[in-house]
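Q: mind folding the following:
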Amino acid sequence: MKLHIFPIAAVLLSYAACTIHAQDWGFLVMTDWHRGEVFATTPDRDSEDYKVRLDTLSHIKRTYGGELVVMPGDVATGKWHRPDYINKYFPGMTNAEAVLKAGNNCFGTIRSLFTDAGYEKVLVAVGDHELGDNYWISGDHKTKSLPQFREAFSNAFNSNQAGSFKYEEMIGSVNARPIGTIYESTSFAHQHKNVLFVTVDVFMKLSQDADFFDATTSEGGEGVVTGSVAGDHLQWFEQVLQEGNKKSSIDHIIVQAHLPILLPTRKSSSSAMSVDGGVESEFWQLMVQYGVSVYLGGEVHTVTATKDPSTNLVQVISRSNFNNGFLKVKVKSSGLEIVAYGEEGPNGRDNRTYSELGQLSLPRDVFDAPTGSGSLKLVDINEPLIYYSFDESMPLIDRPVDGMGTKKVLAPDMIEINGEVAMDSVPNYGEFGQQYDAQIANVELSKGVMGNAAMFSPDSRMSVYSMGPFSGGTAMSYSFWFKTKGPGEMILFHYAPKWALNEGGNKNVFSLTLNDGQPKLYASPTSVLTGQSWDLNDGRWHNIAVIMPRASCRLSEVKMYVDNEQVETESSNDNPNLYLSGSGYIGIGGYGYTEAIAFSISQGIPFEGKIDELYVWGRTVLIAEVARVQKKEFQINETHKCVANEKRFNFETTELEKDWHCARSCRETLSCLGYEIKLKASGKYRCLQFKNRHPRVGKEVTLGNKPNCVVLV
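A: Modelled structure (predicted):
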């Protein structure tokens, strides 16, 4: 994949290289391992904690091999700067001394652990937890101790027994690390066989004292530290990529850092920090320019593979929390083959049994597109990330979600949602798949617009355990049907931070309510977009769509549609550029899992009524797209009659055609899951059935001899 800016040269070189390079070999990727914290205070290689971890790593080494391990950050918790922690474990030490001591204990013991398991070479990137965990406040103990966090990290992972830096071999004419920068001991390049591994510390402390936050560009939001590669650090990175491309002994350049760059990604129990600028960042664009083979990241505790919108460069985000998963990468001269593994078994940890979850093929030839399956299927951002048909529910135990497990059980059969116990899930048929199933309690599935709908009462709960997919200023859209006669301000679609109040207080919620029939969209308790002159609690089915027209748009720019017609809206005086917390939960018909009730909409009450066909996109959509997936030709009422809208929407021309009406007969109404009126060659209309129980929504089903619900007008 190298030399992407010279594709013909790259192809010729790749063919030549295939004849001279080494045999296939492999390595493992363990991201967000989060299993070393105990060693910060008990660095004992004879302890039970050490032995348990060693047994699991040794099993992985014996079973899955790997010449080395790549770890894109977060190997421990790292909150060693806190006064209560220091007083308990390191009394009498200064903050800087305690951080250095705990870090040397923790990181040093982790390094010994992997060596004892058979992994002599471990390449580790700095994560936010290696720096005390975000948020970083100017002048506080944590921020002042950043040098000690990095020193302890480098002592363990990047220094030899003599105290010298391990990876000093020049990459062509360029130093293997950015000498003279604060990253000279945490960012480095290292060639192993035919791969150049480039490890980058992307946590940049700004010189300013004030917190950095720019909602207009969706940058910052984590205090005085942000995710970025700039200045001399960025120049070194480019030079390394240039030199790597010149070396005939290098087939692949692999870059690892802790933070995701391409958004949105799947997320679970994460602060969801990312690299400023995303796909437009200079960091990412240099990887595109110089044909990097793959970018490996973490932070969000889930698995997502995303391709650059214009090239074949792929970002792979993965998880290895408490050894519950990892990636196995096979290196071939012709490309990379990646397999994702996940833990299975009755115990919360250390089952030492893994199953294959997905595969990803990354050909070296720039003319061959990457392909993936399972958890490593490339996310198609054009498709909905979330789609709930509400046609059926399944036991929670049969639809496990990464991150929901406990120390005792890997896949629980129940979970509490705001005081109610959920034992079932509504399957997600969108791109983010099972990880974004919605867990439900006291929700009945009954007749809806197409198939079944979710019926809500005050005791109903429906929420998504995985976080997001909203993140920062990323443009998002959603749409669903609802029907209610309820008064008051009912919660339709709620999105808010998991934790009570994000530090800095600068991130928005994104919550839609129905206030006595009038739609209201909240970005904060004082930032409200209100739909004018609508009476939507009339007991009829209505479709609502909420669309961000661009990234980081102002609240007043958000477009709201009801039944395909744009709603005139009025915004409050507080009209922010939207920057949504990435560590939030979706609640449908209520607050769901979120603990940030007081921060969002204290006056909201649970929804009473029905909701059907809910879609969430990770981009701006056109209302014509909404109409197409929602089959907005007519509504179906509770008497099983086909009730026409006043106008017919033409999906091809996006224009309204002549008035029309239809009637419907069906011998088995339960089999009639959805309909669309189409014009036949005879000039007559036919009412066709659609079935939406599977991920590929909108596929027409041929009914054959089954009841066909056909009516001629």
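Q: doesn't Ser112 fall inside a helix?
A: Yes - Ser112: assigned to a helix according to DSSP: H, G, I helix; E, B strand; the rest coil.
Q: and it, how far from Arg45?
A: According to C-beta to C-beta, to the nearest Å, Ser112 stands 6 Å off from Arg45. Bear in mind the C-beta positions are built from the backbone N, C-alpha and C, glycine included.
Q: strands of the stretch 501-650 of the chain, start to end?
A: 511-515, 518-524, 527-531, 542-547, 559-562, 565-566, 569-571, 584-588, 609-617, 634-636, 642-644, 649-650 (DSSP state E, counting those that start in this stretch).
Q: for Asn158, find the nearest of those strands.
A: Ranking the strands of the stretch 501-650 of the chain by proximity to Asn158 (C-beta to C-beta) places strand 584-588 first, at 35.4 Å.
Q: and that closest one, which strands flank it?
A: strand 461-464 (antiparallel), strand 489-497 (antiparallel) (DSSP bridges).
Q: who are the packing partners of the next helix or strand after the first one?
A: The first helix or strand that comes after strand 461-464 along the chain, using DSSP states H and E, is strand 477-483. Strand 477-483 sits against strand 489-497, strand 542-547, strand 609-617, helix 623-630, with contacts defined as 3 or more C-beta pairs under 8 Å, 6 or more residues apart in numbering; DSSP states H and E.
Q: could you dump the ones you listed to a markdown table with mean pLDDT?
A: Below are the helices and strands packed on strand 477-483 laid out as a markdown table (pLDDT from 0 to 100):
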| stretch | mean pLDDT |
| --- | --- |
| strand 489-497 | 93 |
| strand 542-547 | 96 |
| strand 609-617 | 97 |
| helix 623-630 | 84 |
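Q: need these in JSON lines with mean neighbour count and distance to Asp365, can you?
A: What follows is these, written out as JSON lines (neighbours: other C-beta atoms under 10 Å; distance: least, C-beta to C-beta, whole Å):
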{"stretch": "strand 489-497", "mean neighbour count": "25", "distance to Asp365": "42"}
{"stretch": "strand 542-547", "mean neighbour count": "22", "distance to Asp365": "39"}
{"stretch": "strand 609-617", "mean neighbour count": "25", "distance to Asp365": "32"}
{"stretch": "helix 623-630", "mean neighbour count": "19", "distance to Asp365": "34"}
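Q: may I see the strands paired with strand 584-588 organised as CSV, with distance to Thr186 added?
A: Output for these, formatted as CSV (distance: least, C-beta to C-beta, whole Å):
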stretch, distance to Thr186
strand 461-464, 35
strand 489-497, 29
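Q: closest to Ile261 out of the ones you listed?
A: Closest to Ile261 of the strands paired with strand 584-588 is strand 489-497 (C-beta to C-beta; 22.2 Å).
Q: between that closest one and strand 518-524, how many degrees?
A: Relative orientation of strand 489-497 versus strand 518-524 (axes from the mean of the first three to the mean of the last three C-alpha atoms, to 10 degrees): 30 degrees.
Q: pLDDT score assigned to the spatially closest residue to Pro395 that is not a sequence neighbour?
A: Nearest residue to Pro395 in three dimensions, chain neighbours excluded: Asp424, at 6.0 Å (C-beta to C-beta, 6 or more residues apart in numbering). Turning to Asp424, the model gives it a pLDDT of 98.
Q: same check, this time on Asp391
A: pLDDT for Asp391: 95.
Q: Ser112 and Arg45: which has the busier surroundings?
A: Ser112 (16 against 12; other C-beta atoms under 10 Å).
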